[in-house]
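>>> Got a predicted structure plus its sequence, pasted below:
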Amino acid sequence: MQISEKLFNVKGLNYTIRSAVERDASALSELRLKIDGETENLDREPGEAFIDSQGFETLIKADSESSRNLFLVVETEGTLAGFSRCQGTELKRLRHRVEFGIGVLKEYWGFGMGKNLLLESISWADANGIRKISLQVLESNENAKKLYEKLGFEVEGVLRKDKFLSDGNYYNTVLMGRFNNQ
């Protein structure tokens, strides 16, 4: 599905949140690889589960045509700085919910990009009859957990010792969800 483009100015930085389009495919491939190398908050090591330009073109096209998927990008000064994706299903028993994932380049942390991507996703979900947004967050990612809770997400469970990070320790993954009662 597609949304209308929105402009933001946070701490003097102008950026746009818009639906991903096929011409973003190459930049998204590079962006995802870079983000994976900047933080251990995500599931992948750099290069794991690599998606090339053609793969992103296919994904963007499918998401644009689906009423249950939303693929957003953040663009600033002609460069992609982040993305988010809501993925749903047509299965009747699960049709009411989507899974949310996000990535923002570290140099743009603190400019509200993650928050605004999530707010746009929540708005889209609420307007399109999606009752639940689910996500997973590493237990040590305190800033993300606080943001999610502030926006109505609740802890639904914990996957114990779910991730093994470079420090040689296992970390829990927190399962969170936001349910719209409308």
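Looks like it came in fine.
>>> which stretches of the protein have low pLDDT?
When residues are selected by pLDDT under 70, those of the chain lie in 182.
>>> Name the nearest residue to the residue nearest the centre of it, ignoring sequence neighbours.
Residue closest to the average C-alpha location in the chain (CA atoms, centre = their mean): I102, at 2.2 Å. Closest residue to I102 apart from its sequence neighbours, by CB to CB, 6 or more residues apart in numbering: S84 at 4.3 Å. Using the backbone N, CA and C atoms, a C-beta is placed for each residue, glycine as well.
>>> L117 is in contact with that neighbour, correct?
Yes - the criterion here is CB atoms under 8 Å, and S84 meets it with L117 at 4.0 Å.
>>> Could I get the full set of strands for this structure?
Applying DSSP state E to the chain gives strands spanning 6-10, 13-19, 70-76, 79-87, 97-104, 132-138, 154-164, 170-179.
>>> which residues touch the residue nearest to L135 when sequence neighbours are not counted?
Nearest in space to L135, with sequence neighbours left out and distances taken as CB to CB, 6+ apart, is F100 at 4.5 Å. Applying CB atoms under 8 Å, 6 or more residues apart in numbering, we find F100 in contact with 84-86, 118, 121, 133-135.
>>> go with 7 Å
Counting by CB atoms under 7 Å, 6 or more residues apart in numbering, F100 touches 84, 86, 121, 133-135.
>>> Throw the strands of the chain into a markdown table and include distance to M113, thanks.
Conversion of those to a markdown table gives the following (distance: least, CB to CB, whole Å):
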| stretch | distance to M113 |
| --- | --- |
| strand 6-10 | 8 |
| strand 13-19 | 7 |
| strand 70-76 | 5 |
| strand 79-87 | 5 |
| strand 97-104 | 5 |
| strand 132-138 | 16 |
| strand 154-164 | 23 |
| strand 170-179 | 19 |
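>>> how near is R131 to T173?
To T173, R131 is 23 Å away according to CB to CB, to the nearest Å.
>>> just to revisit the earlier point, return the most buried member of the strands of the chain.
strand 70-76 (a mean of 23; mean count of other CB atoms under 10 Å).
>>> can you give me the offset of that strand from its chain's centre?
Distance of strand 70-76 from the chain centroid (CA atoms, centre = their mean, to the nearest Å) equals 10 Å.
>>> Which residues does it contact?
Defining contact as CB under 7 Å, 6+ apart, one finds that strand 70-76 is touched by 1, 3, 13-20, 24, 59-60, 63, 80-86, 104, 113, 117, 120-121, 124.
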